[in-house]
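Trainee: Give the three-dimensional model of this entry:
(2 chains)
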Number of protein chains: 2
Amino acid sequence: MNYKMVMQYDGTRYDGWQKQGNTGNTIQGRLEAVLSRFAGEPVEVQGAGRTDAGVHAYGQTANFRLQTDAKEEEVLVYLNRYLSEDIEVLSVERVHDRFHARLSAVQKTYLYRVGMGSGKHVFDRKYLYHFDGSLDVKAMEEAAGYLRGTHDFKSFCSNRRMKKSTTRTLHMVKIDVDKKEDVIRFILIGDGFLYHMVRIIVGTLLEIGQGKREPKDIIGILEEKDRAKAGFTAPPQGLTMVSVEYE
Amino acid sequence: MNYKMVMQYDGTRYDGWQKQGNTGNTIQGRLEAVLSRFAGEPVEVQGAGRTDAGVHAYGQTANFRLQTDAKEEEVLVYLNRYLSEDIEVLSVERVHDRFHARLSAVQKTYLYRVGMGSGKHVFDRKYLYHFDGSLDVKAMEEAAGYLRGTHDFKSFCSNRRMKKSTTRTLHMVKIDVDKKEDVIRFILIGDGFLYHMVRIIVGTLLEIGQGKREPKDIIGILEEKDRAKAGFTAPPQGLTMVSVEYE
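Mentor: Presented below is the predicted three-dimensional model:
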């Protein structure tokens, strides 16, 4: 039986999503340990996205197979009982056998938070990247316009050995300025994201916002297909995987 | 020169506000260490309230004296540079010599958050008390009505050896239900609070909300002047000291 689950987690304490042999405290590793104990057999969990160490999720999605025909509710309650307080499974449902959390995904939404000003953002410090300086939001919005649509995003990918297509479609790159909280939120929606793609996009937009680059530079960066041409990789703690959509 | 400072902190990592000799990682201890280094002499910090281990603050207030005539801005910048990321000094200002953060305070506001439902409140887990059960909000509001005004709150004080007056005036005990976040907020405003008073009031209100006690029981509890008659002490992490008012 194939199961789909949606979960949220605070990534602060974890070495990211993906299992690293028998070492590392990973989300995937924790989920597999609890599910294997539940099932009395080794269970493998496939995640929709491999979030890095320190990256959070509101709606990471995964699937796993059980030999037994366990009730959805039973699996959900068991998982939440034995997972620690920084991981919560929001839903478990049976899905058709061909469902694969990563390969079946058609759209993903990511949120990146930048904390502005000289304040320390004491209560949100683990969920944002603290940036003390002024940013030209209009310039960043113009730059975002050049990123929207279907492009080869090779310049925005940290994996140099990526052999598969690096073409992706970005449906939305929205920049939301929250003056009350002194936070800028970058919301990205696309059909798929390359390794570090959101963080490199945000890093590049921040360099444009600082005036280190021009908005139109995005066009050249995309054309060059060279990671070195894009901006820095914004740090992980500002990133949250919001949701994954399926057909 | 006498200085007043307002600060916020995430109390999770600390053994509370008050210094405990040379041991313990306390907020007061951290502030005094940084200020003493700044001044090149031992500096003592007086806080308006001695928050317990795990209790947070949005507007704790304190005062300290420096021999030198340091600029307010200079002290503020130095403090924030050397304090860790979970303590932020929001303001530093010179005040008249008689100002004492605790003795001059005329009003304090506290917030207590209760997280409802079966959800884990993953991102707020360190800032609320998780309570899985149903609560009769109307009954709690009726009970809150009996707490408002001037009473001897001895039954709501953990310090049995308290020799000073235990009479206080509660101006507000508001219960705010946030259905979207699945959180109930208790907002208490008063001229002063006894040791554990907010947490015992919230614990007692929760027992009334569960139907274990009647709203009118508050009258008898106040009359008895006996800590054992009131409810349990709600855990520290739900409590935040919001602000301190001075004349």
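
Trainee: does A:H96 really touch A:Y3, like I thought?
Mentor: No. The pair A:H96 and A:Y3 fails to qualify as a contact (CB atoms under 8 Å) at a distance of 11.1 Å. To be clear about C-beta, it is placed using only N, CA and C from the backbone, and glycine gets the same treatment.

Trainee: neighbour count winner among these two?
Mentor: A direct count of neighbours by other CB atoms under 10 Å in any protein chain shown for A:H96 and A:Y3 places A:Y3 higher, at 21 against 8.

Trainee: Next, give phi and psi for that one.
Mentor: phi -120, psi 140 (degrees, to the nearest 10).

Trainee: Pull up the residues of chain A that are close to chain B.
Mentor: Residues of chain A lying close to chain B by CB under 8 Å from any CB of the partner chain are A:8-10, A:56, A:80, A:85-88, A:118-120, A:122-123, A:125, A:127.

Trainee: Which ones among the residues you listed lie within helices?
Mentor: A:N80 (DSSP state H).

Trainee: All the helices of chain A, in order from the start?
Mentor: For chain A, the helices defined by DSSP H occupy A:27-39, A:72-82, A:137-147, A:197-209, A:217-224.

Trainee: got the angle for the fourth one vs helix A:217-224?
Mentor: Relative orientation of helix A:197-209 versus helix A:217-224 (axes from the mean of the first three to the mean of the last three CA atoms, to 10 degrees): 140 degrees.

Trainee: With just CA atoms, put helix A:197-209 into PDB.
Mentor: Provided in PDB are the C-alpha atoms of helix A:197-209 (Å, rounded to 0.1, in the frame of the first residue of the first chain):
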ATOM      1  CA  MET A 197      17.900  27.500  -6.900                       C
ATOM      2  CA  VAL A 198      15.700  29.500  -4.500                       C
ATOM      3  CA  ARG A 199      18.600  30.600  -2.300                       C
ATOM      4  CA  ILE A 200      20.800  31.600  -5.300                       C
ATOM      5  CA  ILE A 201      17.800  33.600  -6.800                       C
ATOM      6  CA  VAL A 202      17.300  35.400  -3.500                       C
ATOM      7  CA  GLY A 203      21.000  36.100  -3.100                       C
ATOM      8  CA  THR A 204      21.100  37.500  -6.600                       C
ATOM      9  CA  LEU A 205      18.000  39.600  -6.000                       C
ATOM     10  CA  LEU A 206      19.500  41.000  -2.800                       C
ATOM     11  CA  GLU A 207      22.700  42.000  -4.700                       C
ATOM     12  CA  ILE A 208      20.500  43.800  -7.200                       C
ATOM     13  CA  GLY A 209      18.500  45.400  -4.300                       C
END
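
Trainee: which residues are in contact with that helix?
Mentor: By CB atoms under 8 Å, 6 or more residues apart in numbering or on different chains, the surrounding residues in contact with helix A:197-209 are A:110, A:112, A:114, A:129, A:131, A:135-137, A:139-140, A:143-144, A:147, A:153, A:155-158, A:168, A:173, A:175, A:186, A:188, A:213-215, A:217-218, A:221, A:227, A:230-236, A:238-239.

Trainee: Can you tell me which of these are buried?
Mentor: Neighbour-count burial within the contacts of helix A:197-209 applies to A:110, A:112, A:114, A:129, A:131, A:135, A:139-140, A:143-144, A:147, A:153, A:155-157, A:168, A:173, A:175, A:186, A:188, A:213, A:215, A:217-218, A:221, A:227, A:230-231, A:233-236, A:238-239; the criterion is 16 or more other CB atoms under 10 Å in any protein chain shown.

Trainee: which residues does the nearest residue to A:E142 once chain neighbours are set aside contact?
Mentor: Once flanking residues are discounted, A:E142 sits nearest to A:P215: 3.8 Å by CB to CB, 6 or more residues apart in numbering or on different chains. The contact partners of A:P215, by CB under 8 Å, 6+ apart, come to A:A139, A:M140, A:E142, A:A143, A:G145, A:Y146, A:I208.

Trainee: And these, which is closest to chain B?
Mentor: A:M140 (25.8 Å; CB to the nearest CB).

Trainee: In contact with that closest one, which residues?
Mentor: Per CB under 8 Å, 6+ apart, neighbours of A:M140: A:I175, A:L205, A:L206, A:I208, A:G209, A:P215.

Trainee: and the nearest residue to A:L35 once chain neighbours are set aside, how many neighbours?
Mentor: Leaving aside its chain neighbours, A:L35 sits nearest to A:V43 (4.0 Å; criterion: CB to CB, 6+ apart). Residues lying near A:V43 (other CB under 10 Å) number 19.

Trainee: and A:V43, how far is that from B:S155?
Mentor: Distance from A:V43 to B:S155, counting by CB to CB, to the nearest Å: 53 Å.

Trainee: Chain A: strands as residue ranges?
Mentor: All strands of chain A, identified by DSSP state E, fall at A:2-9, A:45-47, A:56-65, A:87-95, A:105-116, A:129-131, A:149-152, A:167-178, A:183-190, A:239-246.

Trainee: mind putting those strands in a markdown table, mean pLDDT included?
Mentor: Output for the strands of chain A, formatted as a markdown table (pLDDT from 0 to 100):
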| stretch | mean pLDDT |
| --- | --- |
| strand A:2-9 | 98 |
| strand A:45-47 | 97 |
| strand A:56-65 | 98 |
| strand A:87-95 | 98 |
| strand A:105-116 | 98 |
| strand A:129-131 | 95 |
| strand A:149-152 | 98 |
| strand A:167-178 | 97 |
| strand A:183-190 | 98 |
| strand A:239-246 | 98 |
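
Trainee: Any chance of those in TSV with distance to A:H196 as columns?
Mentor: Output for those, formatted as TSV (distance: least, CB to CB, whole Å):
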stretch	distance to A:H196
strand A:2-9	19
strand A:45-47	16
strand A:56-65	16
strand A:87-95	23
strand A:105-116	12
strand A:129-131	14
strand A:149-152	16
strand A:167-178	13
strand A:183-190	13
strand A:239-246	10
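
Trainee: coming back round to it: with the residues of chain A next to chain B in mind, which one is nearest to A:A39?
Mentor: Closest approach to A:A39 among those (CB to CB): A:N80, at 16.2 Å.

Trainee: Check what pLDDT the closest one gets.
Mentor: Note on A:N80: pLDDT of 97.

Trainee: Tell me the confidence at A:M162?
Mentor: Note on A:M162: pLDDT of 76.

Trainee: I misspoke; the intended subject was A:Q20.
Mentor: Listed pLDDT for A:Q20 reads 80.

Trainee: residue contacts, it?
Mentor: A:T26, A:G29.

Trainee: and it, bridged to which residues?
Mentor: When assigned by DSSP bridges, A:Q20 has beta-bridge partners A:T23.

Trainee: Repeat that for A:D152.
Mentor: A:D152 has these beta-bridge partners by DSSP bridges: A:T167.
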